[in-house]
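Engineer: after the sequence you'll find the predicted model.
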Amino acid sequence: MKKLAILGAFGVIAAATTWAQQTPADVVKAQCAKASNVTEFWHGFRDAVQQNVLNALAAEFNKTNEGGCILPIPQGGYADLSTKIKAGFAAGKVPAMAQAFENNIALYLEADKLIDLKSIGVRPQYIQKRFIDAATFKGVLYGLPFNKSVQLMYFNKDLLKKFNAKAPTSLTEFTEVVRSISKAQNAPAFWFQPTASTFAPIFLTLGGEYEVNGKIQINGAIAVKALQWFLDLTKEKAAKPITSGFINSQLNDTFGFALDTSAGMPFYKSAAKFNLGISTLPGAKRGVPGVALIQGTNLVVFNDAPKNQQALAAKFMNFAMQPRNSAIFATQTGYVPSSDLASETAEYKAFTKTNPDFDNVIKQARFADYEPRISDWEAIRFNILEAAIKEAVAGKATAKDALDKAQKQVEDLLSGRTK
């Protein structure tokens, strides 16, 4: 496990000698043992690096708040987190603060459990407007963007050089290059996970929308075209479905391309044994980035929490959104900086001087869109749409049949015929 100095290079955590052998979690635990106001922050980070960065941020915040302590508590993955929070509603025990996707916010609002963040002192200054708009419901801000990510194109520079190819900037170029290299090396050059996340940038770039005339539609002509694109490349052995584990944990010299989350950047960089390229997504037109899916969570505060814990949670949110802290959190994790001013900080500039690819995260965030903000979207996304994608990629159904069946399931769910 990385030590507290994970953020020390940028000074967010002072590399104090007394902390030298402690992890960030150890420091936070010691701080909270002495605090009179321990405010729990439930999160869905599973990865050790992400947990360390979060705990380091909390530790630095706690240093400046005598008597108050933010205590990050992992709850498993994001699905586990939302399940435990819903169970907490029934049991009357929830944390003060937690991560939440937009569909989670919609669900928690149905239970009347969230507080207006501005009412407790959260100041959403210099934060990307699209992030704020997504967490605003009926004019009220219920979430503060925290760990937002977008997809990027990861590619093998050495493989492109070997076959005298250039990094594609359009979907047409991408398809041609993938087919050409795959044929030349007799192995698929495009690796993808058959998930709703991977499907989304192709669907969105082709002009697709999940909400049509106020209704959820996942089987329109563009959706079928997007899914067929994956099926055609797979059938031609130009694309390789990765159905177990992460792409970045399986890289070898036949890997050519992946369209994957910016949050995976640290893992691609550490795993690649070749010259790794990172760029914005190939677009519908040459030179114009494709449309990425905005993923990641917001911070929310529950109205059942004690007032002093709500106040400390608000103070932590304001601290995390400061440009300097936002810059460091983003560059250490691959997330999009929530603050518009993060890229102007000395910390951001120092990082991108040796990691220039990170600028693509901010560039791609300008070409990105959200999924529907409805409480049932989690079930639709994973249990219906993703299941349909996997079924089609496995050759068990055509793109149209899989999506038509999925659309019927969506309609049954939203009408209350199924749960």
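Structural biologist: That came in fine, so what should we check first?
Engineer: residue ranges of each domain in the protein, please.
Structural biologist: 4-147+297-366, 151-293+376-415 (automatic domain parsing).
Engineer: per-stretch mean pLDDT over the ones you listed, give me the minimum one.
Structural biologist: Lowest mean pLDDT within the domains of the chain: domain 4-147+297-366, at a mean of 92.
Engineer: would you list the domains of the chain in a markdown table and tack on mean neighbour count?
Structural biologist: To be clear about C-beta, it is placed using only N, CA and C from the backbone, and glycine gets the same treatment. Converted to a markdown table, the domains of the chain look like this (neighbours: other C-beta atoms under 10 Å):
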| stretch | mean neighbour count |
| --- | --- |
| domain 4-147+297-366 | 19 |
| domain 151-293+376-415 | 19 |
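Engineer: so Asn164 sits in a helix?
Structural biologist: No - using DSSP: H, G, I helix; E, B strand; the rest coil, the assignment for Asn164 is coil, not a helix.
Engineer: give the contact list for it.
Structural biologist: Under the criterion of C-beta atoms under 8 Å, 6 or more residues apart in numbering, Asn164 has no neighbours.
Engineer: how near is it to Ala342?
Structural biologist: Asn164 sits 38 Å away from Ala342, taking C-beta to C-beta, to the nearest Å as the criterion.
Engineer: ditto for Lys157
Structural biologist: According to C-beta to C-beta, Lys157 and Ala342 sit 28 Å apart.
Engineer: ditto for Lys240
Structural biologist: In terms of C-beta to C-beta, Lys240 sits 36 Å off from Ala342.
Engineer: please apply the same query to Arg373.
Structural biologist: 25 Å.
Engineer: which residues touch Asp158?
Structural biologist: Counting by C-beta under 8 Å, 6+ apart, Asp158 has contacts Asp253, Phe274, Asn275.
Engineer: for the closest residue to Leu251 other than its chain neighbours, give me its contacts.
Structural biologist: Leaving aside its sequence neighbours, Leu251 sits nearest to Ala271 (C-beta to C-beta, 6 or more residues apart in numbering; 5.1 Å). Contact analysis of Ala271 by C-beta under 8 Å, 6+ apart lists Asn248, Ser249, Leu251.
Engineer: return the residues in contact with the last one.
Structural biologist: Listed by C-beta under 8 Å, 6+ apart, the contact partners of Leu251 are Tyr268, Ala271, Ala272, Lys273, Phe274.
Engineer: and what of the second one?
Structural biologist: Residues touching Ser249, when contacts are defined by C-beta under 8 Å, 6+ apart, comprise Phe267, Ala271.
Engineer: how about Ile222: what's its closest non-neighbour residue?
Structural biologist: Distances taken as C-beta to C-beta, 6+ apart place Gly208 nearest to Ile222, at 4.0 Å, with adjacent residues excluded.
Engineer: SS state for that neighbour?
Structural biologist: coil.
Engineer: go on, Ala327?
Structural biologist: Assignment for Ala327 (three-state DSSP): helix.
Engineer: distance of it from Phe192?
Structural biologist: From Ala327 to Phe192 the distance is 31 Å (C-beta to C-beta).
Engineer: next: Pro323.
Structural biologist: 35 Å.
Engineer: now the contacts of Asp158 as a markdown table including distance to Ser182 and secondary structure?
Structural biologist: Shown next, in a markdown table, are these (distance: C-beta to C-beta, whole Å; DSSP: H, G, I helix; E, B strand; the rest coil):
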| residue | distance to Ser182 | secondary structure |
| --- | --- | --- |
| Asp253 | 14 | coil |
| Phe274 | 17 | coil |
| Asn275 | 19 | coil |
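Engineer: out of those, who's nearest Ala387?
Structural biologist: Asp253 (33.0 Å; C-beta to C-beta).
Engineer: can you pull the contacts of that closest one?
Structural biologist: For Asp253, the contact set (C-beta under 8 Å, 6+ apart) comprises Asn156, Asp158, Leu159, Lys273, Phe274.
Engineer: all helices for the stretch 51-200 of the chain, in order.
Structural biologist: 78-91, 102-110, 129-134, 157-162, 171-185, 196-205 (DSSP state H, counting those that start in this stretch).
Engineer: no, scratch that, I was asking about the stretch 301-419 of the chain
Structural biologist: According to DSSP H, counting those that start in this stretch, the helices that the stretch 301-419 of the chain contains are 307-320, 323-333, 346-354, 359-365, 377-379, 386-393, 399-415.
Engineer: redo these as TSV? Include distance to Thr198.
Structural biologist: TSV is the format used below for the helices of the stretch 301-419 of the chain (distance: least, C-beta to C-beta, whole Å):
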stretch	distance to Thr198
helix 307-320	29
helix 323-333	20
helix 346-354	27
helix 359-365	15
helix 377-379	17
helix 386-393	8
helix 399-415	15
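Engineer: go through the ones you listed and name the closest to Phe89.
Structural biologist: The nearest among those, by C-beta to C-beta, is helix 377-379 at 15.9 Å.
Engineer: give me the contact list for the closest one.
Structural biologist: Identification of contacts with helix 377-379 by C-beta under 8 Å, 6+ apart yields Ala79, Ser82, Phe101, Glu102, Asn103, Asn104, Ala106, Glu371, Leu413.
Engineer: for the residue nearest to Gly256 when sequence neighbours are not counted, give me its contacts.
Structural biologist: Take Gly256 and drop its neighbours on the chain: the residue closest to it by C-beta to C-beta, 6+ apart is Ala189, 3.0 Å away. Contacts for Ala189 were tallied using C-beta under 8 Å, 6+ apart; they are Leu159, Val177, Val178, Ile181, Ser182, Ala238, Thr254, Phe255, Gly256, Phe257.
Engineer: make it 10 Å
Structural biologist: By C-beta atoms under 10 Å, 6 or more residues apart in numbering, Ala189 lies in contact with 155-156, 159-160, 163, 165, 177-183, 233, 237-240, 254-257.
Engineer: what's the spacing between the nearest residue to Ile294 once chain neighbours are set aside and Asp80?
Structural biologist: Of all residues not flanking Ile294 in the chain, Ala368 sits nearest, at 4.7 Å (C-beta to C-beta, 6+ apart). Using C-beta to C-beta, we find Ala368 at a distance of 26 Å from Asp80.
Engineer: show me the two of the contacts of Asp253 that sit farthest apart.
Structural biologist: Among the contacts of Asp253, Leu159 and Lys273 lie farthest apart (C-beta to C-beta), at 11.9 Å.
Engineer: what touches both of these two?
Structural biologist: Common neighbours of Leu159 and Lys273 (C-beta under 10 Å, 6+ apart) are Asp253, Phe255.
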